[in-house]
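Visitor: Okay, predicted coordinates and the sequence, questions at the end:
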Amino acid sequence: MKAKRAEVSLPVRKDIPERMLERIKSAKPDEPRYEHYKRILRGEDVVTEVQAMALNDTAIVGVPGEVFVEYELEIREKSPYKYTFVSELANDSIGYVPIPKAYEEGGYEPTATVVAPNAGVKLTQSAINLLKEL
């Protein structure tokens, strides 16, 4: 069994939707994500991690948050392993990770996320790099 992890720094969007700002600003110091929310309000990146593990011809990738399926498909397509499984919400919950086009189209997920449109691309590339390094 081979395994690797990588810390990844994802940009926070400059135009955080009002509904998200209200939630973030209402966080109380005793809440588990309080410090995370304060960093977002300061415009700091969301720092999280991606993991990859492989055994023979099968790999499992763990990504934080709820990523759009296009990212999962890209990870599988570019994986050097015959079978690659992507697990969301692995070790962190950073919210939705929409594809850039979704920010333009609107809808629930792009208005309920704090990560910038290029965050998913960065997260996906990190996962692909880990798979290739195993």
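Guide: Done, it's in.

Visitor: any chance you could map the strands in the protein?
Guide: Secondary structure of the chain (DSSP state E): strands located at 2-10, 46-55, 58-62, 66-67, 83-87, 96-97.

Visitor: looking at the ones you listed, which is buried most?
Guide: strand 96-97 (a mean of 22; mean count of other CB atoms under 10 Å). C-beta: built from backbone N, CA, C; applies to glycine.

Visitor: and it, what does it pack onto?
Guide: strand 66-67, helix 119-133 (3 or more CB pairs under 8 Å, 6 or more residues apart in numbering; DSSP states H and E).

Visitor: strand partners of the shortest one, parallel vs antiparallel please.
Guide: Sheet pairing here is set by DSSP bridges, and for strand 66-67 it gives strand 96-97 (parallel).

Visitor: ok so, going back, now the strands of the chain in TSV, with distance to residue 109 and mean pLDDT?
Guide: Converted to TSV, the strands of the chain look like this (distance: least, CB to CB, whole Å; pLDDT from 0 to 100):
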stretch	distance to residue 109	mean pLDDT
strand 2-10	15	97
strand 46-55	16	97
strand 58-62	20	98
strand 66-67	8	97
strand 83-87	17	98
strand 96-97	4	97
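
Visitor: In CSV: those, plus distance to residue 128.
Guide: Output for the strands of the chain, formatted as CSV (distance: least, CB to CB, whole Å):
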stretch, distance to residue 128
strand 2-10, 11
strand 46-55, 9
strand 58-62, 9
strand 66-67, 13
strand 83-87, 10
strand 96-97, 15
